[in-house]
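In: Show me how the following folds:
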Amino acid sequence: MARLKTLGSRIKESAGSKVKVMTPGSWRSGMTSSQRGYDYKWQKAREQYLNANPLCVFCERNGRTTAAKVVDHIIAHRGDMVLFWDQTNWQSLCKPCHDSVKQAEEAAGLVG
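Out: Just a heads-up that it's a prediction; the model follows:
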């Protein structure tokens, strides 16, 4: 049986090829992460929270044990600093769950 030859990439990537997708009129448009609250104070709080809650809650629900790397806001804070700092609104997630499952839930309107 003959082997298939790969065609190679038809799309050229430039340096810094990550595309940022922002909804026009988003509360975070034109703001740095620090301006949105993700500053040194957040990094310290995040570290403490992950030390106390080291496992991904989504993975745990599915019987898996995965180290969490992200402190996620259960209900999107959209710039509300009271909600941002409310630790009852935080959950530990692994990066894959945060970037797929959680994003899909938000897109579907399943979480605030």
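
In: Okay, helices next: where are they in this protein?
Out: 40-52, 57-61, 81-85, 95-97, 103-107 (DSSP state H).

In: Quick check: buried residues in the first one?
Out: Using 16 or more other CB atoms under 10 Å as the test for burial, helix 40-52 gives Trp42, Arg46, Tyr49, Leu50. Placement of C-beta: from N, CA and C, glycine included.

In: Output the contacting helices and strands for it.
Out: Applying 3 or more CB pairs under 8 Å, 6 or more residues apart in numbering; DSSP states H and E, we find helix 40-52 packed against strand 70-73, strand 90-93.

In: Now the helix or strand of the chain with the lowest mean pLDDT: buried residues?
Out: Lowest by mean pLDDT, DSSP states H and E among the helices and strands of the chain is helix 103-107, with a mean of 80. Residues of helix 103-107 classed as buried: none (neighbour count, 16+ other CB under 10 Å).

In: does Leu50 really touch Val57, like I thought?
Out: No: here Leu50 lies out of contact with Val57, judged by CB atoms under 8 Å, at a distance of 12.0 Å.

In: Quick check: neighbours shared by the two?
Out: Common contact partners of Leu50 and Val57 (CB atoms under 8 Å, 6 or more residues apart in numbering): Ala68, Ser92.

In: re earlier: redo the helices and strands packed on helix 40-52 as a markdown table? Include mean neighbour count.
Out: Below are those laid out as a markdown table (neighbours: other CB atoms under 10 Å):
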| stretch | mean neighbour count |
| --- | --- |
| strand 70-73 | 18 |
| strand 90-93 | 21 |
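
In: In this model Ile75 seems to touch Val111, though I could be wrong.
Out: Yes: taking contacts as CB under 8 Å, Val111 lies within contact range of Ile75: 6.5 Å.

In: how about the nearest residue to Gln87, chain neighbours excluded?
Out: Tyr49 (6.9 Å; CB to CB, 6 or more residues apart in numbering).
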